[in-house]
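Asks: Pasting the sequence and the predicted model now:
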Amino acid sequence: MPHPLGPSTHRPTRFRRAVLAFTVCAATLLGAALLPSTARAADPPLRELAAAKGIYLGNAVAGGALGGNAAYAALAGAQFGSLTPENAMKWGSVEPTRGSYNWAEADQIVAFAQAHGQQVRGHTLVWHSQNPGWLANGGFGAAELRGILQQHIATEVGRYQGRVRAWDVLNELFDEDGSYRSSLWTDTLGTGFVADALTWAHQADPAAELYLNDYNVEGLGAKSDALYALVRSLKAQGAPIHGVGFQAHFVLGQVPATLQANLQRFADLGVDVAVTELDVRLQTPATEAKLSQQAADYGTVVKSCLAVSRCRGVTAWDISDADSWVPSVFPGYGAATLYDAGYQPKPAHHAVAVALGAGTHTSTPSPSASSSPAPGCTAAYTVPNQWNTGFTGGVTVSCPPGSSLGSWRVGWDFTAGQQLSQSWNATCTQTGTRVTCANAAWNGGVTAGGSVAFGFNGTWSGSNPVPVVALN
Ligand code: 9MR
């Protein structure tokens with residue numbers, strides 16, 4: 001039976017403001033140490049580049065690999081500003097037995113994201129697939145099924161209230177011709193459950209951004225027309241719909257020419273849009289020419305998102321070619337992700353970096369700029385949190401009225417053996433005792449009378465004295 005995302009197809013919020021304030025550089029030094037050298041040397045972390053452009057760059061992750069595969073975890077933490085649990089939040093994962101929940105993997109991913117200053121996209125609450133047997137084969141009548149659905153949404157969204165920024169509330173509602181897909185939900189409940197599901201999710205977390213998500217809706221066509229009509233109708237009803245996710249499981253060279261126009265027409269309905277599951281599969285083996293086309297395809301998608309002001313971000317689907325779902329579903333196809341099976345960046349990684357502006361700016365101030373501090377600007381060091389062996393530090397760079405900075409660099413010595421492990425809102429390195437932090441691409445400017453803050457985590461033992469910091 002052909003997979004719904006078959007090879008012949010065209011497939012594919014309010015994050016943007018939040019990304020600037022909330023998602024920041026945070027390439028961990030640990031992560032950097034494990035990163036493939038070409039990625040580290042060639043391009044700044046994708047998450048930093050994306051944040052500087054006002055969008056997020058995300059990826060889909062699995063708990064097992066985050067916990068057990070160092071190269072995978074390093075890339076996931078260092079390169080991406082948003083994580084989507086690939087399977088861990090699906091119904092079959094969280095409620096395999098009625099009323100008995102298993103949150104272990106979802107919790108693990110959310111904790112990883114929090115530790116790395118990343119946002120989370122929740123995926124997915126209502127789907128025709130990956131439902132547990134008790135639900136799929138339960139033969140429930142409409143009233144009971146509605147109750148089960150409401151309970152599930154309230155429980156899952158409620159659990160992650162404040163920790164999941166956006167939810168794919170409803171996934172893959174439509175068939176290719178634009179009719180509603182026959183499923184447990186539509187067959188039993190009709191179509192009114194769509195607005196109900198959004199409403200229940202909204203009640204459980206009023207701040208969460210609620211999305212419809214689908215594939216083969218990236219370009220103009222019957223299926224995206226149906227989704228468009230649904231979004232318009234939901235908006236007209238006043239249902240809490242905030243965004244539309246375009247999965248973007250593409251075939252090499254087949255990014256729809258109408259992608260940007262299509263994103264824009266949805267945005268014009270007054271919702272955010274996001275690319276939620278981007279990959280570009282090709283017939284293996286990969287050749288230089290195919291990888292080059294793939295790079296162009298990835299670049300096109302990122303540029304399309306950047307061109308639409310309500311496009312909040314792009315999420316790639318799976319970290320590396322070794323992790324991708326593609327080969328098992330499309331025999332003969334693969335190599336669909338940004339990193340090869342050895343976790344080395346592919347040309348597509350660089351194309352994404354370039355689309356996000358790599359090479360057009362630098363996050364490190366030049367020595368001449370940093371050697372002449374503006375009069376009166378200062379850097380203040382604090383330790384807001386400290387525990388057994390770890391601590392969180394912060395530095396605020398401030399300028400008095402009449403002085404300002406276009407870039408900055410702060411340095412200090414850790415005299416008691418402290419070791420930096422992770423930073424955000426600045427690019428920090430430690431060599432021996434010496435720590436140097438330079439502004440990220442987006443926060444070099446300190447206005448007269450203004451300030452900029454960055455933070456970091458580190459380890460300590462014995463004592464953790466506050467160092468003397470020097471600005472520029
Ligand atoms: O990548 C996911 C894979 O590990 C699962 O086996 C599969 C089960 O259907 O789901 C994959 O993710 C899908 C996503 O949840 C929804 N859009 C299509 C994705 C690829 O099939």
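Replies: Yep, it's here.

Asks: would you list every one of the helices in the stretch 101-250 of the chain?
Replies: 104-115, 133-136, 142-159, 184-189, 193-204, 222-237 (DSSP state H, counting those that start in this stretch).

Asks: residues contacting the residue in the chain that the ligand sits nearest to?
Replies: The ligand sits closest to Trp325 of the chain, with a gap of 3.6 Å, by Cβ to the nearest ligand atom. From N, CA and C alone the C-beta is placed, and that goes for glycine too. If a contact means Cβ atoms under 8 Å, 6 or more residues apart in numbering, then Trp325 has Glu86, Trp317, Asp318 as its contacts.

Asks: right, so the helices of the stretch 101-250 of the chain: which one is the most enclosed?
Replies: helix 193-204 (a mean of 21; mean count of other Cβ atoms under 10 Å).

Asks: helices and strands around it, which ones?
Replies: strand 119-126, helix 142-159, strand 166-171, strand 209-214, helix 222-237 (3 or more Cβ pairs under 8 Å, 6 or more residues apart in numbering; DSSP states H and E).

Asks: Dihedrals phi and psi, Thr276?
Replies: Backbone torsions of Thr276, given as degrees, to the nearest 10, read phi -110, psi -20.

Asks: ok, the nearest residue to it once chain neighbours are set aside to Gly432 distance?
Replies: Closest residue to Thr276 apart from its sequence neighbours, by Cβ to Cβ, 6 or more residues apart in numbering: Gly245 at 3.7 Å. Gly245 sits 46 Å away from Gly432, going by Cβ to Cβ, to the nearest Å.

Asks: likewise Gly270?
Replies: 54 Å.

Asks: of these two, who's got more company?
Replies: The neighbour count for Gly270 versus Gly432, taken as other Cβ atoms under 10 Å, is higher for Gly270 (12 against 7).

Asks: for the more buried one, what are its contacts?
Replies: Lys235.

Asks: CA atoms of stretch 172-179 as CSV?
Replies: Extracted C-alpha coordinates of stretch 172-179, given in CSV (Å, rounded to 0.1, in the frame of the first residue of the first chain):
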residue,chain,number,x,y,z
GLU,A,172,-3.3,15.4,8.3
LEU,A,173,-7.0,16.0,8.1
PHE,A,174,-7.3,15.9,4.3
ASP,A,175,-7.0,13.5,1.4
GLU,A,176,-5.3,14.5,-1.8
ASP,A,177,-8.5,15.7,-3.5
GLY,A,178,-9.3,18.0,-0.6
SER,A,179,-12.0,15.9,1.0
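
Asks: Please tell me how far the residue of the chain most remote from its centre sits from Gly411.
Replies: The outermost residue of the chain, judged against the average C-alpha position, is Pro375 (39.4 Å), by Cα atoms, centre = their mean. Pro375 is 19 Å from Gly411, where distance means Cβ to Cβ.

Asks: Following the chain onward from the one helix or strand in the chain whose mean pLDDT sits lowest, which element is next?
Replies: Lowest by mean pLDDT, DSSP states H and E among the helices and strands of the chain is helix 367-370, with a mean of 30. Once the chain leaves helix 367-370, the next helix or strand it forms, by DSSP states H and E, is strand 378-386.

Asks: What strands line up against that following strand, and which way round?
Replies: Strand pairing for strand 378-386, using DSSP bridges, gives strand 390-398 (antiparallel).

Asks: next helix or strand past the strand it pairs with?
Replies: strand 409-413.

Asks: quick one: contacts of stretch 399-414?
Replies: 364-366, 369-370, 373-377, 379, 381, 395, 397, 420, 426, 430, 433-439, 444-452, 458, 467-472.

Asks: Can you tell me which of those residues are buried?
Replies: Neighbour counting with 16 or more other Cβ atoms under 10 Å marks 364-365, 369-370, 373-374, 377, 379, 395, 397, 420, 426, 430, 435-439, 444, 446, 452, 458, 467, 469, 471-472 as buried within the contacts of stretch 399-414.

Asks: For Ala438, what are phi and psi?
Replies: With angles defined as degrees, to the nearest 10, Ala438 sits at phi -110, psi 150.

Asks: wait, doesn't it sit right on Ala426?
Replies: Yes - between Ala438 and Ala426 there is a contact under Cβ atoms under 8 Å: 6.4 Å.

Asks: Flag every residue of the stretch 151-300 of the chain that's near the ligand.
Replies: Proximity of the stretch 151-300 of the chain to the ligand, by Cβ under 6 Å from any ligand atom, involves residues Asn171, Tyr215, Gln247, Glu277.

Asks: Only C-alpha atoms, please: export stretch 409-420 in CSV.
Replies: The C-alpha trace of stretch 409-420 is given here as CSV (Å, rounded to 0.1, in the frame of the first residue of the first chain):
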residue,chain,number,x,y,z
ARG,A,409,33.4,41.5,24.2
VAL,A,410,33.6,40.6,27.9
GLY,A,411,36.5,38.7,29.4
TRP,A,412,37.4,37.2,32.8
ASP,A,413,39.5,34.6,34.5
PHE,A,414,37.9,31.7,36.4
THR,A,415,40.5,31.5,39.2
ALA,A,416,38.9,28.6,41.2
GLY,A,417,38.8,26.0,38.4
GLN,A,418,35.3,26.8,37.2
GLN,A,419,34.5,25.5,33.7
LEU,A,420,32.0,27.0,31.3
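
Asks: which residues are in contact with stretch 279-292?
Replies: 7, 248-252, 255, 293-294, 297-298, 316-318, 324, 326-327, 330, 332-337, 346-348.

Asks: list the buried ones in it?
Replies: Neighbour count says stretch 279-292 has Asp279, Val280, Arg281, Leu282, Thr284, Ala286, Lys290, Leu291 buried, by 16+ other Cβ under 10 Å.
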